[in-house]
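S.K.: Structure of the sequence below:
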Amino acid sequence: MTAVLPAPGRIAPWGWPLIAVRFAAMLAMLIACTALYYIVVPFTSRNPVPRWFLRSIAALAGVRLRVRGTHPARRTFFLANHVSWIDIPAVAGLTGSAFVAHDGLAQIGLLRWLCGLNDTVFIARHERRSVAAQANQVRSALRRASALTIFPEGTTSYGDETLAFKSSLLSALEDDVDTAPIPVQPIWLDYGAESRDIAWVGAEPGLDNAFRILARLRPVELTVHFLPPLAPEDRVDRKRMAAAARAAIDAARDARS
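M.R.: Numbering: from 1, shown residues only. Okay, the predicted model is just below:
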């Protein structure tokens, strides 16, 4: 199915004051949480402040979270569909997860610093020769973080269908031969009927999408479905894992329809 990018809606005059208020609140939260982060550092191996901060960012953006499904284990590898920048603060706020991100984000100094506080793994997805190195990065991140999330579609979509899952990074789990291997759990991020209005796709600049979200009076309704972890027979190799996770998300979406 070929998606057509809807024409960007104009922000109403009353939307700009709302954007300003929300942005100011986010900035204040950033300042407070940054100070708290460094206060907490000496006392914990896994700092909880980024999780609190990201959960707050989702709330300040007007996101109303609902949770469905199997409660994730503390240490889990999540595979999620990807619709919006909202996905990241929502999932991190619920799970404390770190993320795998494209290294283009690392070129923005402030953003790189913020992502680093949450143990983000930056990879160069366009360089096929570095797949093995990328898998090693993911494997190391799994040892450090209590949870790690990737978006195997490699881009955002409108949310009404799941794009093909890329499996290369899942090779980090192919050698997972521990007696208690880390669970691999699909997540379906469901924005309901407004998914296309929320989605950040096509040529829309990220700032424009952020302004559209922050200017909304209506809350962003997001249901996070924690689907059952993959069974052992679906973990025999990376391609099987990718296919099984995508099928689980598609099945959950079809069941809701």
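
S.K.: Check the burial of residue 248 by counting its neighbours.
M.R.: As a burial measure, residue 248 scores 22 neighbours (other Cβ atoms under 10 Å). Yep, even glycine has a C-beta here, placed from its N, CA and C like the rest.

S.K.: Residue 34 too?
M.R.: Applying other Cβ under 10 Å, we find 15 residues neighbouring residue 34.

S.K.: Identify the residue nearest the geometric centre of this protein.
M.R.: Among the residues of the chain, the one closest to the centroid is residue 88, at 3.5 Å (Cα atoms, centre = their mean).

S.K.: How much space separates that residue from residue 247?
M.R.: 24 Å (Cβ to Cβ, to the nearest Å).

S.K.: do the same with residue 25
M.R.: 40 Å.

S.K.: and what of residue 41?
M.R.: 41 Å.

S.K.: So between the two, which is more surrounded?
M.R.: The residue with more neighbours, out of residue 41 and residue 247, is residue 247; 14 against 11, by other Cβ under 10 Å.

S.K.: That one sits in which helix or strand?
M.R.: Using DSSP states H and E, residue 247 sits within helix 238-256.

S.K.: can you give me the helices in the chain?
M.R.: In the chain, the helices defined using DSSP state H lie at 15-40, 49-60, 87-95, 109-117, 131-144, 195-198, 206-214, 238-256.

S.K.: now, of those, which is deepest in the fold?
M.R.: helix 87-95 (a mean of 23; mean count of other Cβ atoms under 10 Å).

S.K.: Run the chain-centre distance for it.
M.R.: 6 Å (Cα atoms, centre = their mean, to the nearest Å).

S.K.: Show me the shaky parts of the stretch 1-150 of the chain.
M.R.: Within the stretch 1-150 of the chain, the stretches with pLDDT under 70 are 1-9, 103-109, 125-130.

S.K.: hmm, try it at 80
M.R.: For the stretch 1-150 of the chain, the stretches with pLDDT under 80 are 1-10, 102-112, 123-135, 143-146.

S.K.: And for the stretch 151-257 of the chain?
M.R.: In the predicted model of the stretch 151-257 of the chain, residues 174-180, 257 satisfy pLDDT under 80.

S.K.: mind running it again at 90?
M.R.: 154-155, 168-182, 202-207, 236, 255-257 (pLDDT under 90).

S.K.: Report the contact partners of the closest residue to residue 228 other than its chain neighbours.
M.R.: Nearest non-adjacent residue to residue 228, counting by Cβ to Cβ, 6 or more residues apart in numbering: residue 70, 5.4 Å away. Contact analysis of residue 70 by Cβ atoms under 8 Å, 6 or more residues apart in numbering lists 185, 226-229.

S.K.: Apply 10 Å and report the result again.
M.R.: Taking Cβ atoms under 10 Å, 6 or more residues apart in numbering, we find residue 70 in contact with 183, 185, 225-229.

S.K.: Residue 144 now?
M.R.: When contacts are counted by Cβ under 10 Å, 6+ apart, residue 144 is found next to 45-46, 98, 119, 121.

S.K.: Against residue 46, how distant is it?
M.R.: To residue 46, residue 144 is 9 Å away according to Cβ to Cβ.

S.K.: Need the residues touching each of these two.
M.R.: Counting by Cβ under 10 Å, 6+ apart, the shared contacts of residue 144 and residue 46 are 98, 119.

S.K.: which of the contacts of residue 144 count as buried?
M.R.: 98, 119, 121 (16 or more other Cβ atoms under 10 Å).
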